[in-house]
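Enquirer: Whatever this is, show me its structure:
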Amino acid sequence: MWLRIYHKCHCILHDVFRVFVPEPRERTPVTGINILYLLFPFLPLIYMGYLARRPDTFTLRLLLLPLVVAVAVGIYFRFMWTEPHHNIYNWGQGLLAEAISAKAIDFAWRKEGMLKIDEVQPGVTKKSHAVKANGDVHTQPATSDPATSSLAWLYDALEVILSNRGLGWKFGMGIHVPREERSLKRNSFLFATFISFVGSYMIFDLLESLIKLVPGVGTPHGGTIFKAELPFFYRYALSTAIHVATGSCILAAFQLFYDFITIFAVLLLGSSPSAWPPVLDHPWQSDSLHIFWSKRWHQILREIFFVFGGFFGKSIAGKFGLLFGTFIGSGLYHELPAYALGRGFDTIVPLFFALQAPLLLCEKVWYKYTGYRVSGLYGRLWVYFCIIILGQPLSNSWHMRGLGGGLMLPPSLSPARQFIIPSIRYFLNGTGTDILEFIVGST
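Expert: I've put the predicted structure just below:
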């Protein structure tokens, strides 16, 4: 009897799952007519953000939560880009569905709503004592008032939705804020940010274009970064180069989009430069995993990882549960959207992120028994081993499913593909050396 009940429940759950996440062959192709449906999940999220900034809306937010999640997952996993080089957009839609779901959960479960550091209720500030600073080196970031009172509701909603790091909010208290190296004078700040934007664009374009030169890896159908036909040294030299280039592309992409949004907000919306501190803190200079993950790597998705695992883990096992839950949540966030590619689920990705928790505990054990923190040259080599060596199966998993072959920049907007790579090919043409062979060595 119990077995029959189990099978019945399993069938019901499977059918419900397939209502929101159909099989790839049953998904709806994205066309010029239905592409606007991809904007629809933002509407209930904006309303949820509005409610999170209004008192006495806890019950309404809980009731709205299933709708927000169902709409986001149902739309982004139902509509599918069918062109092979557009398949990476399906991945992006999956990431967006998870981000919207996590924000909706975060807005719903907090009974008091989303509060800023100096508030006791949404919009009601403390009057008895001064506000403490948020972060390591900055005071509470300045914000801009809405242009008109008629749009105040929209401003409130977008403000909390776009506050990913929680700067100036209670949920972001204690987060590391990188030291500002730009002048906060408006024109100087905009110029420095524009230079950063151009530099990030060029780095992203060059590395992404070089990855596309690797046979298999650079195609929409994907391929392994470990080329068995190469000798041992060149095989792992190539895989290491692809892995480092992939990580650097991710860093450049974060910096690129953050710079673009910063310029838009400061130039067109009148936002204060102090409201836009750096998003990265020189991650390659990390000399411990603790420093790498908690300070130097970006903190944009920090709250999402808490929602997907950190808070639940903390409720079960305190600080250890928070640590393991956060990294397990990070692994799920990075892998579940890949299911939208139609190529299954790979446990390698969540395993890599889950592995970071025991590796961080190793640093605590080292400090406990030696009295010395992981730092200096050996600490940096330890970080490089954990991220660059142990992380290669992660990049391989993504590239096997076509990450490197996706259309991220049109060739017409790529200086690397229009000028740099053709120039290198022209230079090497006389030597009879292929550009990939020139990079990784002769076989």
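Enquirer: Pick out the residue nearest the middle of the chain.
Expert: Computing the C-alpha centroid of the chain and ranking residues by C-alpha atoms, centre = their mean puts residue 301 first, at 5.7 Å.
Enquirer: And the pLDDT for that residue?
Expert: pLDDT, residue 301: 91.
Enquirer: element containing the residue lying closest to residue 88 once chain neighbours are set aside?
Expert: Of all residues not flanking residue 88 in the chain, residue 406 sits nearest, at 2.8 Å (C-beta to C-beta, 6 or more residues apart in numbering). Backbone N, C-alpha and C define where each C-beta goes, glycine included. Under DSSP states H and E, no helix or strand contains residue 406.
Enquirer: which residues does the residue nearest to the centre of the chain contact?
Expert: 99, 164, 330, 333 (C-beta atoms under 8 Å, 6 or more residues apart in numbering).
Enquirer: How about residue 314?
Expert: Applying C-beta under 8 Å, 6+ apart, we find residue 314 in contact with 321, 322, 325.
Enquirer: if you set the cut-off to 6 Å instead, what comes out?
Expert: 321, 322 (C-beta atoms under 6 Å, 6 or more residues apart in numbering).
Enquirer: That one and residue 111, how far apart?
Expert: Distance of residue 314 to residue 111, given as C-beta to C-beta, to the nearest Å: 17 Å.
Enquirer: With residue 73 instead?
Expert: Look at residue 73 and residue 111: by C-beta to C-beta, they are 25 Å apart.
Enquirer: Equivalent analysis for residue 158, please.
Expert: Counting by C-beta to C-beta, the gap from residue 158 to residue 111 is 23 Å.
Enquirer: Looking at the two, which is more packed in?
Expert: residue 158 (15 against 10; other C-beta atoms under 10 Å).
Enquirer: Secondary structure class of the more buried one, three-state.
Expert: Under DSSP: H, G, I helix; E, B strand; the rest coil, the three-state class of residue 158 is helix.
Enquirer: so how many other residues sit close to residue 358?
Expert: Summarising burial for residue 358: neighbours were counted as other C-beta under 10 Å, giving 12.
Enquirer: Repeat that for residue 237.
Expert: Residue 237, neighbours per other C-beta under 10 Å, totals 15.
Enquirer: Check the secondary structure at it for me.
Expert: Quick answer, by three-state DSSP: residue 237 is helix.
Enquirer: What is the burial count for residue 388?
Expert: By other C-beta under 10 Å, the residues close to residue 388 number 14.
Enquirer: swap that for residue 332, sorry
Expert: 18.
Enquirer: Kindly provide the distance from it to residue 52.
Expert: Using C-beta to C-beta, residue 332 is found at 24 Å from residue 52.
Enquirer: cool, residue 198 as well?
Expert: 36 Å.
Enquirer: What of residue 409?
Expert: For residue 409 relative to residue 52 (C-beta to C-beta), the value is 36 Å.
Enquirer: Quick check on these two: which one has the bigger neighbour count.
Expert: More neighbours surround residue 52 than the other of residue 409 and residue 52, with 25 against 15 (other C-beta under 10 Å).
Enquirer: can you pull the contacts of that one?
Expert: Shown in contact with residue 52 (C-beta under 6 Å, 6+ apart): 107, 113, 114, 160.
Enquirer: Would you mind measuring from the last one to residue 170?
Expert: Read that as residue 160. Taking C-beta to C-beta as the measure, residue 160 falls 11 Å from residue 170.
Enquirer: before we move on, back to that, so which of the contacts of residue 52 are in helices?
Expert: Counting by DSSP state H, the contacts of residue 52 place 107, 160 in helices.
Enquirer: Quick check: the farthest pair among the contacts of residue 52?
Expert: Greatest spatial distance among the contacts of residue 52 (C-beta to C-beta): 113 and 160, at 9.0 Å.
Enquirer: ranges for the helices of the stretch 51-200 of the chain?
Expert: 58-76, 87-109, 152-162, 186-211 (DSSP state H, counting those that start in this stretch).
Enquirer: Determine which stretch of those is the most buried.
Expert: Of all these, helix 87-109 has the most neighbours on average by mean count of other C-beta atoms under 10 Å, namely a mean of 21.
Enquirer: And it, what does it pack against?
Expert: Contact partners of helix 87-109 among helices and strands, from 3 or more C-beta pairs under 6 Å, 6 or more residues apart in numbering; DSSP states H and E: helix 42-52, helix 58-76.
Enquirer: Let me have the ones you listed in a markdown table, adding distance to residue 228 as columns.
Expert: Below are those laid out as a markdown table (distance: least, C-beta to C-beta, whole Å):
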| stretch | distance to residue 228 |
| --- | --- |
| helix 42-52 | 45 |
| helix 58-76 | 36 |
